[in-house]
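Trainee: Got a predicted model here, sequence first, then my questions.
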Amino acid sequence: MKRLLIAGLALALLVPVCALAQSAFNGTWKLDPTTVHQSGGEAMVISLKGGMYHCNCHPPIAVKADGLDHPVKGHDGFNTVAVQVINDHSIKRTEKQSGKVVFDSTITAAPDGKTATEEFNIYAGSTPSTGKGVLKRVAKGAPGSNAVAGSWRLDHVISGGGAVFDPTYKIEGDTVTSTDAAGNSYTAKLGGKAVPNMVNGKADGTVSVKMLGKDTLRETYAKDGKVTSTTTMTISQDGKTMKMVDHNMKSGVTTTMIHDKV
């Protein structure tokens with residue numbers, strides 16, 4: 001009887017411990033911008049000559065480089081683009097959604113033309129998220145065009161941070177909730193059906209989630225029933241970092257990065 005009592009007491013003590021056990025994903029994760037790396041897909045190709053700007057975006061963009069807003073179709077999150085030529089080696093591109101600026105970037109080619117610096121702002125939440133990276137030239141632009149013209153790939157990221165880069169996850173039972181300070185969020189069942197993906201507080205496509213292992217979670221994003229990207233996150237053994245691998249189906253680019261637990 002005494003053994004049964006001790007065993008029962010031990011089991012009773014263990015139950016709260018198991019109930020209180022939290023997922024390794026729970027918490028806020030801050031991006032380390034120096035860990036960002038891209039591979040695959042096509043190089044970014046910019047053409048800028050005769051007052052016209054072209055890029056091999058998805059879908060491609062072709063607008064006058066006059067600093068004015070020009071309508072574009074088929075792009076996630078923006079419906080106008082303005083391209084301003086600052087000088088013969090620098091341009092600024094501004095994207096808007098229904099008249100509101102959502103993104104801008106300034107690309108400046110180095111004097112030797114082998115690299116360029118891109119600085120960008122993402123306008124979501126109370127303050128912009130920012131980034132600065134170095135592009136490496138793959139091919140030159142047409143003779144006589146702006147120095148920014150040509151083919152480029154991301155070489156490395158110098159700095160970056162802000163709400164859109166620092167997600168907070170909470171897993172309770174089979175329910176996953178993801179949020180950030182920019183108004184992006186979803187709540188979904190592990191292995192369940194796709195749910196609305198909220199971007200800046202508005203539904204933008206869907207997302208479904210599933211566990212690929214004890215410490216690996218995959219998000220699958222879709223629009224109109226077609227998968228647009230996947231994000232796979234794996235927690236380190238010590239629980240202090242999270243490796244994120246994002247694959248964009250449109251561009252074919254895979255981006256890897258490391259987040260630190262706050």
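Mentor: In hand now; what should we look at? Residues are numbered from 1 along each chain as shown.
Trainee: going forward, measure contacts and count neighbours with C-alpha atoms only.
Mentor: Fine.
Trainee: For D104, give me its contacts.
Mentor: By Cα atoms under 8 Å, 6 or more residues apart in numbering, the residues touching D104 are K92, R93, T94, E95, F120, N121, I122.
Trainee: for this structure, which spans come out with low pLDDT?
Mentor: 1-21 (pLDDT under 70).
Trainee: Quick check: closest non-adjacent residue to the most centrally placed residue in the chain.
Mentor: Central residue of the chain (Cα atoms, centre = their mean): F165, 6.9 Å from the mean position. Closest residue to F165 apart from its sequence neighbours, by Cα to Cα, 6 or more residues apart in numbering: L31 at 6.0 Å.
Trainee: next one: P59
Mentor: G74 (6.5 Å).
Trainee: quick one: the one you found and M44, what's the gap?
Mentor: Counting by Cα to Cα, to the nearest Å, the gap from G74 to M44 is 18 Å.
Trainee: domains for this protein, by residue range?
Mentor: 22-33+164-261, 39-162 (automatic domain parsing).
Trainee: gap between the residue nearest to P59 and G162?
Mentor: G74 is 26 Å from G162, by Cα to Cα.
Trainee: still on that earlier bit, nearest to D112 among the contacts of D104?
Mentor: Looking at the contacts of D104 and their distance to D112, the nearest is K92, at 20.0 Å (Cα to Cα).
Trainee: about what we covered before: which one's more surrounded, G74 and M44?
Mentor: Remark: of G74 and M44, M44 carries more neighbours, 18 against 10, as counted by other Cα atoms under 10 Å.
Trainee: The more buried one and C55 touch, don't they?
Mentor: Yes. M44 lies in contact with C55 (Cα atoms under 8 Å); the separation is 7.3 Å.
Trainee: residues in contact with H247?
Mentor: Contacts of H247 by Cα under 8 Å, 6+ apart are S229, T230, T231, V253, T254, T255.
Trainee: So the third one, which state does it fall into?
Mentor: The reference is to T231. Following DSSP: H, G, I helix; E, B strand; the rest coil, T231 is assigned to strand.
Trainee: Beta-bridge partners for it, please?
Mentor: E219, D246 (DSSP bridges).
Trainee: OK, contacts around it?
Mentor: R218, E219, T220, M244, V245, D246, H247.
Trainee: In contact with K193: list those residues for me.
Mentor: Neighbours of K193 in contact, by Cα under 8 Å, 6+ apart: S208.
Trainee: Tell me the spacing between it and V63.
Mentor: 39 Å.
Trainee: Return the residues in contact with the spatially closest residue to G40 that is not a sequence neighbour.
Mentor: Excluding the flanking residues, the one nearest G40 by Cα to Cα, 6+ apart is V253, at 4.9 Å. For V253, the contacting residues are Q38, S39, G40, G41, E42, H247, by Cα under 8 Å, 6+ apart.
Trainee: Drop anything exposed from those residues.
Mentor: Neighbour counting with 16 or more other Cα atoms under 10 Å marks Q38, H247 as buried within those.
Trainee: Mind giving me the packing neighbours of the strand or helix carrying Y53?
Mentor: Assessed by DSSP states H and E, Y53 sits inside strand 52-55. With contacts taken as 3 or more Cα pairs under 8 Å, 6 or more residues apart in numbering; DSSP states H and E, strand 52-55 sits against strand 44-49, strand 61-64.
Trainee: Which one of these lies nearest to G27?
Mentor: strand 44-49 (34.9 Å).
Trainee: Just give me how far the closest one sits from the chain centre.
Mentor: In terms of Cα atoms, centre = their mean, to the nearest Å, the gap separating the centre of strand 44-49 from the centre of its chain is 23 Å.
Trainee: So what touches it?
Mentor: Residues outside strand 44-49 that contact it (Cα under 8 Å, 6+ apart): 53-57, 65, 141-142, 144-146, 148-153.
Trainee: Quick check: the residue nearest to L154 when sequence neighbours are not counted vs T35, distance?
Mentor: Once flanking residues are discounted, L154 sits nearest to L135: 4.5 Å by Cα to Cα, 6+ apart. Distance, L135 to T35, by Cα to Cα: 15 Å.
Trainee: Thanks again, I'm all set now.
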